[in-house]
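In: Model the following, please.
(2 chains)
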There are 2 protein chains.
Amino acid sequence: MPNPIEFYFDFSSPYSYLASEKIEALAARYGRRVQFKSILLGAAFQAAGTRPLVDIPLKGEYSKRDIERSARYEGVPLALPQPFPIGTVGAARAQLWLSDRDAERADAFVHAAFRAYFVRGRNIGLGDVLEQVLREVGADAAEVLQAIQQPAIKERLKSQVDGALARGVFGAPFIFIDGEPFWGNDRMPQIERWLAQGPF
Amino acid sequence: MPNPIEFYFDFSSPYSYLASEKIEALAARYGRRVQFKSILLGAAFQAAGTRPLVDIPLKGEYSKRDIERSARYEGVPLALPQPFPIGTVGAARAQLWLSDRDAERADAFVHAAFRAYFVRGRNIGLGDVLEQVLREVGADAAEVLQAIQQPAIKERLKSQVDGALARGVFGAPFIFIDGEPFWGNDRMPQIERWLAQGPF
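Out: The predicted structure follows:
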């Protein structure tokens, strides 16, 4: 069995959302699975000395247009949410907690949370919205919401973020295939060639 | 006759080089011309509060790998030069001066200068290298080297850079098609669809 595709993402990253809608079908065409790894971009931005896209003069304005155009180009439903960006530590911990127990449900949660925020404009940074999304995927919402307040999962997420930084992750989506790093939804064509033909 | 494709670039930008090798053939397939517009990324970075890629922790290391892999992916010859990046004000002024007099020679100079730097590792920031590249495209090198020291062309370039900033240019390549902005070599697939089908 080939290695899974490692997909680092932040729930507040629109390009991660776009890539998340395509990556599993792409992986399946080449006999691979996807391992979704939630991180917090704030930590990565701090390490790289960069900022959220929308805070950067000129680039911020352009990126709103580009995100919407890219979604139309790819045929993925998207409506830029407000507020944006948002804190996603709760959603990230919930995804990680689920992934330690039930990978399938954790994957379903990735898509449900991304769509809640980027399609329906629901602020998944709020507890009650997070609760609804957890219910939507059949999780015991009360149990998860209680678990993500515990030191154990806080430490797990911190260590996943630190591990990502140690591997050079500075943005999202950030995808590894057999150790080869690909940053950004734009790299899907190169990812496809790598999966099809191996290193180039 | 449809509007030309406006292609803003800096001679020190590897992704601009990659895009410059494809944009004319792409334009021609849709009955368009390309208008190459040299700018100085330093000014754009200052306006956006950003920095050259290679100066950014983590992102800098990744980008070297990505530039080389992207070149192989596209089948464009490239060897990352040293020093990098370099000052390109002389080359930018030369291209602008030529474009005011002989568009065809100015376009030939774009490719010759990019290839000198990104294929043969020649530092086009140096006067004697610039002179050789000018000769290579049949320009009167002495005349151009003298002209680019004059206030008139300095002012022309400054105004081209200011014009670019006013249009929201913050990086390179930065491409406009009938006013629609596209940033980066990654956007070539969207550019192709825009040319083929119009706005989406």
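
In: Pull out the buried positions in the lowest-mean-pLDDT helix or strand in chain A.
Out: For chain A, using mean pLDDT, DSSP states H and E, the weakest element among its helices and strands is helix A:41-48, scoring a mean of 85. Neighbour counts over helix A:41-48 (16 or more other CB atoms under 10 Å in any protein chain shown) mark A:41-45, A:47-48 as buried. Where you see a C-beta, it was placed from the backbone N, CA and C, and this is true even at glycine.

In: Give me the pLDDT value at the nearest residue to residue A:184 once chain neighbours are set aside.
Out: Once flanking residues are discounted, residue A:184 sits nearest to residue A:15: 6.2 Å by CB to CB, 6 or more residues apart in numbering or on different chains. At residue A:15 the predicted local confidence, pLDDT, stands at 98.

In: Starting from chain B, give me the distance back to residue A:42.
Out: 14 Å (CB to the nearest CB, to the nearest Å).

In: Tell me the buried residues in stretch A:178-198?
Out: A:181-188, A:190-191, A:194-195.

In: who's in contact with that stretch?
Out: A:2-3, A:5, A:15-16, A:18-19, A:22-23, A:26-27, A:29-30, A:32, A:70, A:167-171, A:173-177, A:199-200, B:62, B:65-66, B:69-70, B:73, B:184, B:186-187, B:189 (CB atoms under 8 Å, 6 or more residues apart in numbering or on different chains).

In: And it, how far out from the chain middle?
Out: 17 Å (CA atoms, centre = their mean, to the nearest Å).

In: Ends of it, what's the gap?
Out: End-to-end distance for stretch A:178-198, by CA to CA, to the nearest Å: 10 Å.

In: any idea of the mean pLDDT in that stretch?
Out: 97.

In: What of stretch A:139-152?
Out: 98.

In: How far does that stretch stretch from one end to the other?
Out: 19 Å.

In: cool, and stretch A:6-23?
Out: Using CA to CA, the two ends of stretch A:6-23 sit 10 Å apart.

In: which parts of that stretch are buried?
Out: For stretch A:6-23, by 16+ other CB under 10 Å, it's A:6-23.

In: Ok, stretch A:95-104 next?
Out: Quick answer for stretch A:95-104 (16+ other CB under 10 Å): A:95-99.

In: distance between it and the chain's centre?
Out: 14 Å.

In: quick one: contacts of it?
Out: For stretch A:95-104, using CB under 8 Å, 6+ apart, the contacting residues are A:11, A:36, A:38, A:105-106, A:109-110, A:113, A:139, A:144, A:147-148, A:153, A:156-157, A:160.

In: Which one of these sits in the busiest neighbourhood?
Out: Counting neighbours by other CB atoms under 10 Å in any protein chain shown, the top entry in those is residue A:11, with 31 neighbours.

In: doesn't residue A:107 make contact with residue A:36?
Out: Yes: Residue A:36 lies in contact with residue A:107 (CB atoms under 8 Å); the separation is 6.1 Å.

In: Chain B: which of the buried residues of stretch A:95-104 is nearest?
Out: Distance to chain B across the buried residues of stretch A:95-104 (CB to the nearest CB) is lowest for residue A:96, with 22.1 Å.

In: Can you measure across stretch A:52-67, start residue to end residue?
Out: First-to-last residue span, stretch A:52-67, CA to CA: 14 Å.

In: What residues sit buried inside that stretch?
Out: A:52-53, A:56, A:58-59, A:62-63, A:66-67.

In: Residues of chain A that sit close to chain B?
Out: A:44, A:47-50, A:56-59, A:61-62, A:65-66, A:69-70, A:72-73, A:165, A:168-171, A:181, A:183-184, A:186-187, A:189-190, A:193, A:200 (CB under 8 Å from any CB of the partner chain).

In: Mind checking what secondary structure residue A:153 has?
Out: helix (DSSP: H, G, I helix; E, B strand; the rest coil).

In: Give me the distance between it and chain B.
Out: 26 Å.

In: Just to check, that residue is in contact with residue A:93?
Out: Yes: counting by CB under 8 Å, residue A:93 is a contact partner of residue A:153 at 5.0 Å.

In: Helices of chain A, residue ranges please.
Out: A:14-20, A:23-29, A:41-48, A:59-74, A:89-99, A:103-118, A:127-136, A:141-147, A:151-166, A:188-197 (DSSP state H).

In: starting at the chain centroid, how far to the second one?
Out: Translated: helix A:23-29. 16 Å.

In: Please apply the same query to the third one.
Out: For helix A:41-48, the separation from the chain centroid amounts to 15 Å (computed by CA atoms, centre = their mean).

In: Show which residues not belonging to it make contact with it.
Out: So helix A:41-48 is contacted by A:10, A:12-13, A:51-52, A:85, A:161, A:164-165, A:169-172, B:56-59 (CB under 8 Å, 6+ apart).

In: can you do 10 Å?
Out: If you take CB atoms under 10 Å, 6 or more residues apart in numbering or on different chains as the criterion, helix A:41-48 is touched by A:8-13, A:16, A:40, A:50-53, A:55, A:85, A:87-89, A:157-158, A:161-162, A:164-166, A:168-172, A:174, B:56-60, B:62.

In: list the contacts for residue A:133?
Out: Counting by CB under 10 Å, 6+ apart, residue A:133 has contacts A:91, A:94, A:108-109, A:111-117, A:122, A:124, A:139, A:141.
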